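1. curious how this folds, go ahead:
(4 chains)
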There are 2 protein chains.
Amino acid sequence: MNISQAADQSGVSAKAIRYYESIALIQPARRSGNGYRDFGADDVHMLRFIARARGLGFSVAEVADLLALYRDKSRASAQVRGLAANAIGRIEDKIAELRSISTALSELVARCHGDDRPDCPILDDLAGTA
Amino acid sequence: MNISQAADQSGVSAKAIRYYESIALIQPARRSGNGYRDFGADDVHMLRFIARARGLGFSVAEVADLLALYRDKSRASAQVRGLAANAIGRIEDKIAELRSISTALSELVARCHGDDRPDCPILDDLAGTA
DNA sequence: TATAAGGTCTCCCCTTACTGGAAGGTCAAG
DNA sequence: CTTGACCTTCCAGTAAGGGGAGACCTTATA
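-> Sure, this is the predicted structure:
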């Protein structure tokens, strides 16, 4: 099948598929006589794997590791679990950071009357006036 | 003062200061006779404003808006509050997304025994085997 | 005075994970 | 034959700077 069919079936855009090929995350696709990339069910399966992993917050580099582990039938599940745990840690750190920012910002918003008057505690705080 | 002093006092790196100048977020700095940028207390104050706003999750484009509002002494506080509310909304959306990802990943990790055996529900799930 | 160390300048490449677009070849339909 | 929808490659750009090269400038020290 052509790239747009593979894109539709996998949920990975055609652009992204070419990108993944360019960075060697996936093997170069077979080519038809006309030079078009030709994908099979296995390719779509692999792309779906990638799409799910990316959706779960794994970086492309981590996806490469996951794919290697996936192909290596003798891998230890601990390795995969380690990758996942790292991803969770990164995500939780980011959440904590955003949570803290959101709280600080919410406090400022609560103190700002938000009407036509120019007085604004948000700007005052940013300016260090407070 | 030179750029590194301004950087130290404002918490904005020298690189970032030059970058902010290049994108016209701040006015081009005065130059000393030797061509070095020359910063004053006002400049440091402005940089600190920027650093705080960036730290609160405002994008550089939003910081530009905030600076304009800061300079406009007749602005309505509602405008500033609106910017902040948008920022909060964006941050909360991102938190919700990360939260969902983290939960899904944690469930997978919990189901993976994580030892020397090759069997791994994480990979199975990514592969769509489950 | 020579020189070494360190600060500054501009400029360009690198990052993440792609997306968009231009220029040009291919294919099926009318 | 032409139109439109594909496909190809390559270049540019995104956010927000970081890293480093090569060239000046300044200051301290021997």
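2. show me the contacts for the residue of chain A positioned farthest from its centre.
-> Most distant residue from the mean C-alpha position of chain A: residue A:117, 42.4 Å away (CA atoms, centre = their mean). With contacts taken as CB atoms under 8 Å, 6 or more residues apart in numbering or on different chains, residue A:117 has the following neighbours: B:76-77. Just so you know, the C-beta spots here come from the backbone N, C-alpha and C atoms, and that holds for glycine as well.
3. SS state for it?
-> Following DSSP: H, G, I helix; E, B strand; the rest coil, residue A:117 is assigned to coil.
4. what of the one 5 residues further on?
-> Assigned by three-state DSSP, the conformation of residue A:122 is helix.
5. who does the strand or helix carrying residue A:110 touch, helix- and strand-wise?
-> Assigned by DSSP states H and E, residue A:110 belongs to helix A:77-111. The contact analysis (3 or more CB pairs under 8 Å, 6 or more residues apart in numbering or on different chains; DSSP states H and E) places helix A:77-111 against helix A:60-71, helix A:121-127, helix B:77-111, helix B:121-127.
6. buried stuff in the third one?
-> The neighbour-count criterion (16 or more other CB atoms under 10 Å in any protein chain shown) identifies B:77-81, B:83-85, B:87-88, B:90-91, B:95, B:98, B:101-102, B:104-105, B:108-109 as the buried residues of helix B:77-111.
7. per-domain residue ranges of chain A.
-> A:1-75, A:77-130 (automatic domain parsing).
8. between the two ends of the longest one, what distance do you get?
-> Between the opening and closing residues of domain A:1-75 lies a distance of 32 Å (CA to CA, to the nearest Å).
9. right, is that domain up against DNA strand D?
-> Yes - using CB under 7 Å from any atom of the strand, domain A:1-75 reaches DNA strand D at A:2-5, A:14, A:18, A:29, A:35-37.
10. pull out the buried members of those residues.
-> Buried, going by 16+ other CB under 10 Å: A:3, A:29, A:37, out of the residues of domain A:1-75 next to DNA strand D.
11. for the nearest residue to residue A:70 once chain neighbours are set aside, give its distance to DNA strand D.
-> Leaving out its chain neighbours, the residue that sits closest to residue A:70 by CB to CB, 6 or more residues apart in numbering or on different chains is residue B:123, at 5.1 Å. With distances taken as CB to the nearest atom of the strand, to the nearest Å, residue B:123 is found 29 Å from DNA strand D.
12. what's the burial count for residue B:123?
-> 24 (other CB atoms under 10 Å in any protein chain shown).
13. surely it meets residue A:66?
-> Yes - Residue B:123 lies in contact with residue A:66 (CB atoms under 8 Å); the separation is 7.0 Å.
14. what about residue A:8, which helix or strand?
-> Going by DSSP H and E, residue A:8 is part of helix A:3-10.
15. got a pLDDT number for the residue nearest to residue A:70?
-> On the pLDDT scale, residue B:123 is placed at 93.
16. same thing with residue A:27?
-> For residue A:27, pLDDT reads 96.
17. go on, residue A:119?
-> Reported pLDDT for residue A:119: 89.
18. quick one: the spatially closest residue to it that is not a sequence neighbour and DNA strand D, what's the gap?
-> Using CB to CB, 6+ apart and skipping the chain neighbours, the partner closest in space to residue A:119 is residue B:77 (6.1 Å). Distance, residue B:77 to DNA strand D, by CB to the nearest atom of the strand: 24 Å.
19. isn't residue B:77 right up against residue A:124?
-> No - no contact is recorded between residue B:77 and residue A:124 when judged using CB under 8 Å, the distance being 10.2 Å.
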